[in-house]
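S.K.: compute the structure for the input listed below.
(2 chains)
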Amino acid sequence: GENVEQHPSTLSVQEGDSAVIKCTYSDSASNYFPWYKQELGKRPQLIIDIRSNVGEKKDQRIAVTLNKTAKHFSLHITETQPEDSAVYFCAALMDSNYQLIWGAGTKLIIKP
Amino acid sequence: ETGVTQTPRHLVMGMTNKKSLKCEQHLGHNAMYWYKQSAKKPLELMFVYNFKEQTENNSVPSRFSPECPNSSHLFLHLHTLQPEDSALYLCASSQGADPRTDTQYFGPGTRLTVL
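M.R.: Okay, the predicted model is just below:
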C-alpha cells in the first residue's frame, strides 16, 4: 500500500539554529501535504500545508518545500525556540480515496 | 481547546472487558474520524464518518466497533481487546471529508491500556 516515510525520528538542535524534517511519499498522484505539530500531552494541530501546484510555502519561521519529481517534501523551522519542541507529523493525501497517509513522526528537541 | 472532547482520557481494561470511548465535537462539523496512535508509528486511520455514514473502515478488527448517532458524537465500542491494542486513540472532526479544504481538528485522545 501507499506509505510516507519520515526522517529523522528524533532531531536535537540548539536554540536559534534551524531544523529540517523530511518526508518521502509513494503515491505519485498525491497533491496535498499537511504538517501537524503535537506538543507533549496535547493534540496534533495543523501548522502548515502545501499543494502540489507550488514548490514552497512560508509562514513566519516555518516553511515547507515540495519536490514532486523526487516525491519528497520538507519542513523547515528557522530560529528555533523552546516552544518548537514537539513531535511533528507529515502526511500525504491519497488521490484515490482522499485519505491522509501519515509519517511516523519526528521528535524535535530544542536545546537551550 | 474545547472544540473536540474525548472521554475518558485514560482507560485500563482487561481483555474480557467491554468499554466505550466517546468523542464529541462542538464545531458544527460533518465528518468525524477515529485514529490509533502508537509510539513511533504513523497515525493509523481506523474509521471515517461523513454525515453520520461510515465511509471508511481501514481493515480494523471487529473487536473495534464504531457508532455515530449524529454528526456531533462518535463512539468506539471495545470488546475482547488484545494487549497490542494499547495505544492513544484520537478522535478528529472536519467540516467536510476532503483534507485539502477541510482541516482535521483533533481531540486530546484516550490513553488505552489493555492488560
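
S.K.: which elements pack onto the helix or strand of chain B with the lowest mean pLDDT?
M.R.: Least confident helix or strand, chain B: strand B:53-57 with a mean of 82, by mean pLDDT, DSSP states H and E. Other elements packing on strand B:53-57 under the criterion 3 or more CB pairs under 8 Å, 6 or more residues apart in numbering or on different chains; DSSP states H and E are strand B:44-50, strand B:64-70. Quick note: C-beta positions are derived from backbone N, CA and C, even for glycine.

S.K.: low pLDDT regions in chain A?
M.R.: The model of chain A has no residue with pLDDT under 70.

S.K.: how about the strands in it?
M.R.: A:4-7, A:10-14, A:19-25, A:32-38, A:45-51, A:56-59, A:62-67, A:72-77, A:86-93, A:100-102, A:106-111 (DSSP state E).

S.K.: okay if I get those strands as CSV plus mean neighbour count and distance to B:A31?
M.R.: Output for those, formatted as CSV (neighbours: other CB atoms under 10 Å in any protein chain shown; distance: least, CB to CB, whole Å):
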stretch, mean neighbour count, distance to B:A31
strand A:4-7, 19, 21
strand A:10-14, 14, 32
strand A:19-25, 20, 23
strand A:32-38, 22, 15
strand A:45-51, 17, 15
strand A:56-59, 12, 25
strand A:62-67, 18, 24
strand A:72-77, 21, 24
strand A:86-93, 25, 14
strand A:100-102, 22, 12
strand A:106-111, 18, 27
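
S.K.: okay, the ones you listed in JSON lines with distance to chain B next?
M.R.: Listed next are the strands of chain A as JSON lines, based on distance: least, CB to the nearest CB, whole Å:
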{"stretch": "strand A:4-7", "distance to chain B": "7"}
{"stretch": "strand A:10-14", "distance to chain B": "9"}
{"stretch": "strand A:19-25", "distance to chain B": "11"}
{"stretch": "strand A:32-38", "distance to chain B": "5"}
{"stretch": "strand A:45-51", "distance to chain B": "5"}
{"stretch": "strand A:56-59", "distance to chain B": "14"}
{"stretch": "strand A:62-67", "distance to chain B": "14"}
{"stretch": "strand A:72-77", "distance to chain B": "15"}
{"stretch": "strand A:86-93", "distance to chain B": "5"}
{"stretch": "strand A:100-102", "distance to chain B": "4"}
{"stretch": "strand A:106-111", "distance to chain B": "9"}
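
S.K.: picking that back up, between the helices and strands packed on strand B:53-57, which one is closest to chain A.
M.R.: strand B:44-50 (6.0 Å; CB to the nearest CB).

S.K.: CA atoms of the closest one as CSV?
M.R.: Output in CSV follows, covering the C-alpha atoms of strand B:44-50 (Å, rounded to 0.1, in the frame of the first residue of the first chain):
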residue,chain,number,x,y,z
GLU,B,44,-3.5,4.9,11.7
LEU,B,45,-6.8,5.9,10.4
MET,B,46,-9.4,3.5,11.6
PHE,B,47,-12.9,4.8,10.7
VAL,B,48,-14.3,7.8,8.9
TYR,B,49,-17.9,9.0,9.2
ASN,B,50,-19.3,11.7,6.9
